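Undergrad: here is a sequence with its predicted model. Questions after.
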Amino acid sequence: MTESVVQSPQLLPWHAPAVEQLRAAWQAQRLSHAILIGGPEGLGKGRFASWLARAVLCERRELLEGCGECASCLLYAAGSHPDLLWIAPEEDKQQISIDQIRACSERLAKTSYRQGSYKVAIVEPAHQMTPSAANSLLKTLEEPGAESLIILVTSRPSALLATVRSRCQKVAIHRPNAGSATQWLTEQTGKPVLPQMLEFAGGAPLRALMYAERFAELDGQMRDSLSNLLTGQVDVTQVAGDWADESLSERLNWLDLWLMSLARGALAGTDDLITFPERGAYLPSLSRALNITGVYSMVDRARALKAQLLRTALQRELAVESWLIALMQVLDAAEPKHRANA
Ligand SMILES: [Zn+2]
């Protein structure tokens with residue numbers, strides 16, 4: 001088969017309601033030949049699809065489970081299951097082509113390698129099919145082969161053809177509540193994760209985990225960068241150039257937390273409270289005369305910048321440069337007193 005990217009079939013705690021829904025359908029022999037898995041990014045929809053594929057292909061068919069031990073499950077684990085097809089945009093391509101869908105449909109029309117077994121195709125991200133690919137898939141959905149299952153995975157179900165959607169059994173993956181997401185994150189990292197990570201990730205735990213990992217990496221860099229800037233060793237243009245790559249939105253998250261922590265410390269009137277994640281006080285001498293309104297306005301501007309998603313590196317650089325100039329002005333307001341104290 002063409003694609004053999006094996007994803008972990010491990011379920012995540014917030015998948016439980018969707019699992020129940022599908023097990024009930026399986027036991028009642030009402031599992032559709034096409035399933036549309038929808039939900040926001042960062043919830044492990046691909047993993048859920050992998051779990052479903054493995055469970056459907058498993059030789060122990062009473063439960064929708066995936067035993068992990070039968071010949072089929074072993075083939076799955078080896079990434080070489082002959083009755084499982086992964087369809088994703090080909091390398092360097094943005095979209096899933098009609099040729100890919102045609103090849104998939106041809107395969108699904110043939111008999112399975114293991115007699116009486118399912119043939120499964122996972123299409124992810126389904127909204128990235130070209131219109132002709134989607135129309136071609138529609139024909140297969142209208143006349144499904146025996147014992148075949150098509151799993152469409154998407155964060156944008158509304159971007160699919162209505163006619164495609166209507167032929168699928170819908171399974172929604174929902175965000176867990178903040179409490180259980182935080183608990184899961186703590187279990188994964190072995191230490192408390194800042195609640196803001198979950199906020200930045202729009203409540204999606206897998207994305208929050210990625211942010212938390214990236215955040216730890218960025219932390220040192222951002223401190224050095226700001227120290228060098230504030231002590232005049234580098235200028236705003238250099239810093240803007242360093243920050244304006246694809247990591248910009250994560251850097252803006254970092255700055256958001258840093259500024260909020262500065263403002264909190266200044267409001268409390270104590271340097272001690274400017275403890276920024278795990279690393280103790282940072283720039284405490286700025287705090288006493290800090291222009292708090294100015295700091296909040298910098299937070300707003302950082303959030304606006306993140307929401308804008310500027311396309312070109314040059315646009316991003318210019319926007320960051322003007323943000324940094326404003327930041328310097330806000331922090332400069334604190335400097336006379338800072339100098340007087342020193
Ligand atoms: Zn099995």
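TA: The structure has been received and is ready for your questions. In this text, all values refer to a predicted model and were calculated from it rather than measured experimentally.

Undergrad: lowest-scoring secondary structure element of this protein by mean pLDDT?
TA: Lowest by mean pLDDT, DSSP states H and E among the helices and strands of the chain is strand 280-281, with a mean of 38.

Undergrad: and the next element down the chain from that strand?
TA: Sequence order places helix 292-308 as the next helix or strand after strand 280-281, per DSSP states H and E.

Undergrad: packing partners for that following helix?
TA: Applying 3 or more Cβ pairs under 8 Å, 6 or more residues apart in numbering; DSSP states H and E, we find helix 292-308 packed against helix 248-268, helix 313-332. In this view, the C-beta of every residue, glycine as well, is placed from N, C-alpha and C.

Undergrad: quick one: buried residues of it?
TA: 294-295, 298-299, 301-302, 305-306 (16 or more other Cβ atoms under 10 Å).

Undergrad: just the closest of those residues to residue 266, please.
TA: Within the buried residues of helix 292-308, the smallest distance to residue 266 is 7.5 Å, found for residue 295 (Cβ to Cβ).

Undergrad: check contacts around that closest one.
TA: 259, 262-263, 266, 330 (Cβ atoms under 8 Å, 6 or more residues apart in numbering).

Undergrad: do residue 193 as well
TA: With Cβ under 8 Å, 6+ apart, residue 193 has these contacts: 182, 185-186, 208-209, 212.

Undergrad: could I get these as a markdown table with pLDDT and secondary structure?
TA: Formatted as a markdown table, the contacts of residue 193 follow (pLDDT from 0 to 100; DSSP: H, G, I helix; E, B strand; the rest coil):
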| residue | pLDDT | secondary structure |
| --- | --- | --- |
| 182 | 91 | helix |
| 185 | 92 | helix |
| 186 | 91 | helix |
| 208 | 92 | helix |
| 209 | 92 | helix |
| 212 | 86 | helix |
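
Undergrad: most surrounded residue in the residues you listed?
TA: residue 208 (27 neighbours; other Cβ atoms under 10 Å).

Undergrad: wait, that residue sits on residue 181?
TA: Yes. Using Cβ atoms under 8 Å, residue 208 is in contact with residue 181, at 7.0 Å.

Undergrad: shared neighbours of these two, anything?
TA: In contact with both residue 208 and residue 181: residue 198, using Cβ under 8 Å, 6+ apart.

Undergrad: so which residues on the protein come close to the ion?
TA: Within the chain, the residues that sit near the ion (Cβ under 5 Å from the ion) are 58, 67, 70, 73.

Undergrad: quick check, the first one in contact with residue 71.
TA: No. Residue 58 is not in contact with residue 71 according to Cβ under 8 Å; the separation is 9.8 Å.

Undergrad: neighbour count for those two, which is higher?
TA: Applying other Cβ under 10 Å to residue 58 and residue 71 shows that residue 58 carries more neighbours, namely 23 against 11.

Undergrad: now do the buried residues in the helix or strand hosting residue 242.
TA: Here residue 242, judged by DSSP H and E, is contained in helix 236-243. Using 16+ other Cβ under 10 Å as the test for burial, helix 236-243 gives 236, 239-240, 243.

Undergrad: swap in stretch 21-32?
TA: Here stretch 21-32 shows 22, 25-26, 31-32 as buried, counting by 16+ other Cβ under 10 Å.

Undergrad: farthest-separated two in these?
TA: Spatial extent of the buried residues of stretch 21-32 (Cβ to Cβ) is set by the pair 26 and 32 at 10.6 Å.

Undergrad: what is the helix or strand encompassing residue 213 packed up against?
TA: Element membership for residue 213 (DSSP H and E) is helix 205-230. Packing contacts for helix 205-230, counted by 3+ Cβ pairs under 8 Å, 6+ apart, involve helix 178-189, helix 195-200, helix 236-243, helix 248-268, helix 313-332.

Undergrad: let's see it at 10 Å
TA: When contacts are defined as 3 or more Cβ pairs under 10 Å, 6 or more residues apart in numbering; DSSP states H and E, helix 205-230 packs onto helix 45-57, helix 178-189, helix 195-200, helix 236-243, helix 248-268, helix 313-332.

Undergrad: out of these, deepest packed?
TA: Among the helices and strands packed on helix 205-230, helix 45-57 has the highest mean neighbour count (mean count of other Cβ atoms under 10 Å), at a mean of 24.
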